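# Any chance you could fold what I've pasted below:
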Amino acid sequence: MFTITAAAAEAINRLTASENVQAEGGLRLTLEGPPEDGAVLSVDVAAHPAPGDDVIATADTQVFLARETRVRLTDKTLDVTKNINGHYTFLITTTN
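Okay, here's the model as predicted:
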């Protein structure tokens, strides 16, 4: 199952608030490219899920995943780091 760390949920909430996205909004994740070549994670604040997206919700945080992305992220965790300038970098890690 795809999970979201508390730090990632907090970052998502801050990003959606800064973009004035309403409660039904969240973060949309898309993996592009074949896994063997190092897929690229695309992260966008979205006002609502796109048609066909799966919605992963935890407390008051939502992540939208295209179906093929959700399949690729099974048993993965979304985490985040924040640099000295306040910019977030989202990371996908393997769930233990």
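# Buried residues, the longest helix seen in the chain. List them.
Within the chain, and with DSSP state H defining each element, the longest helix by residue count is helix 6-18. Burial within helix 6-18, assessed by neighbour count using 16 or more other Cβ atoms under 10 Å, is assigned to 8, 9, 11, 12, 13, 15, 16. From N, CA and C alone the C-beta is placed, and that goes for glycine too.
# can you give me the angle the next helix-or-strand element following that helix makes with helix 6-18?
Using DSSP states H and E, the next helix or strand after helix 6-18 towards the C-terminus is strand 26-32. Our comparison of strand 26-32 with helix 6-18, counting by axes from the mean of the first three to the mean of the last three Cα atoms, to 10 degrees, yields an angle of 110 degrees.
# Following the chain onward from strand 26-32, which element is next?
Reading on from strand 26-32 to the C-terminus, the next helix or strand found by DSSP H and E is strand 40-46.
# neighbouring contacts of that next one?
Contact partners of strand 40-46, identified using Cβ atoms under 8 Å, 6 or more residues apart in numbering, comprise 15-16, 19, 21, 25-33, 64, 90, 92.
# can you do 6 Å?
By Cβ atoms under 6 Å, 6 or more residues apart in numbering, the residues outside strand 40-46 that reach it are 15, 16, 19, 21, 28, 29, 30, 31, 32, 33, 64, 90.
# and those as a markdown table, adding distance to residue 49 and pLDDT?
Formatted as a markdown table, the entries for the contacts of strand 40-46 read as follows, by distance: Cβ to Cβ, whole Å; pLDDT from 0 to 100:
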| residue | distance to residue 49 | pLDDT |
| --- | --- | --- |
| 15 | 16 | 89 |
| 16 | 13 | 90 |
| 19 | 15 | 86 |
| 21 | 12 | 83 |
| 28 | 7 | 94 |
| 29 | 11 | 92 |
| 30 | 12 | 89 |
| 31 | 16 | 85 |
| 32 | 18 | 82 |
| 33 | 22 | 76 |
| 64 | 4 | 95 |
| 90 | 18 | 90 |
